[in-house]
Structures are given as structure tokens and as C-alpha cells.
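Trainee: Just to be clear, the model below is a prediction. Sequence and coordinates:
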Amino acid sequence: REREREREEVIVAEFHKKIKEAFEVFDHETNNTVDVREIGTIIRSLGCCPTEGELHDFIAEVEEEEPTGYIRYEKFLPVMTRVLLERKYRPIAEDVLLRAFEVLDPARRGFLTKEELVKYMTEEGEPFSQEEMEEMLSAAIDPDSNSINYRDYITMMVIDEN
């Protein structure tokens, strides 16, 4: 029991160090605050992939009663530590992503055209902004074939996580 507690303390200390380092990168005034718009980037730099909804909830939890547009380190630290301990916002596993793409590609061609991808991205789920859309497409679409070879794309995305 005692050893278990010690192990957890070591893990928490390690997380605190990582969180502090990630936070400091965006604490431009060195006053233990960051712009609320940087929170998503900080969380992702710690290996987590929250959805827009999860990010929204996270920010609501760490924001001041009267939102200032800045997030304080001492509010961010405990919530982010809990996220890491509970392994929340984990990236989606490769096989799950692959199955999702295969559903969109019933003929099993192994790729989706740019047009198909745009159609799926605008018709299903939370709509993407034009900016998000272009960013994703420029990363995913092969300019020669104007399509996405999703196996390669998934491999690339999953490697990026680690």
C-alpha cells in the first residue's frame, strides 16, 4: 500500500514537471498565466487529443469566475494532472480510425477523393470551419491524385502522437 502511494507520488511529480514545462512555453509574460486560446495547444503538446467539446469543458473548469481571457497555472495544474492520471483524451487507436475510413470507402479502394472527404466533413457531426478544413486537407490530400490514401494518413497521425 505504502509503495503504491510512493509510486503514484513519483508519477504525479513527473506529470507536474511536464505540465509546468508545457505551460511555461506559452507563459509569455512569465507571470504564471497563459492566453486561454493556447490551452488546446498546451493540452495537445502533452499528448492528449480532446474534442472541441472536451476542450470547452476543460476551459470552463480552469477559468476564473469572471473570465479574463487568461488561465492561471495553479488552476490549470490540478485539472491537467487529473487528465493525465486518468488517461483522458487519448488518441483514437489506429484500427478504430481505419475501420471508420473503411465505412466511408465501401468499395475498399484504400482512398477517398478530396470531394468525398469534404462531403463527409461538412455533412456529419460538428461542422469544421473553412480554416480547419483547409488545414486538414492540405495535410491529408495527395496533390497528384487529389485523394487521401487513408492508410498512410493514419500511420502518419498515429506516429505523431508518440
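Mentor: Happy to help now that I have it.

Trainee: Skip the chain neighbours and tell me the closest residue to Leu84.
Mentor: The shortest distance from Leu84 to any non-neighbouring residue, by Cβ to Cβ, 6 or more residues apart in numbering, is to Phe15 (4.8 Å). (C-beta placed from N, C-alpha, C; glycine too.)

Trainee: so the one you found makes contact with Val79?
Mentor: No - applying Cβ atoms under 8 Å, one finds Phe15 not in contact with Val79, separated by 11.8 Å.

Trainee: Could I get the full set of helices for this structure?
Mentor: Under the criterion DSSP state H, helices of the chain are mapped to 2-26, 39-45, 52-62, 73-85, 94-104, 114-123, 130-140, 150-161.

Trainee: Domain-wise, how is the protein divided?
Mentor: 2-85, 94-161 (automatic domain parsing).

Trainee: which residues touch the spatially most central residue of the chain?
Mentor: Here the mean C-alpha position of the chain is nearest to the C-alpha of Cys49 (Cα atoms, centre = their mean), at a distance of 2.4 Å. By Cβ atoms under 8 Å, 6 or more residues apart in numbering, the contact set of Cys49 is 89-92, 161.
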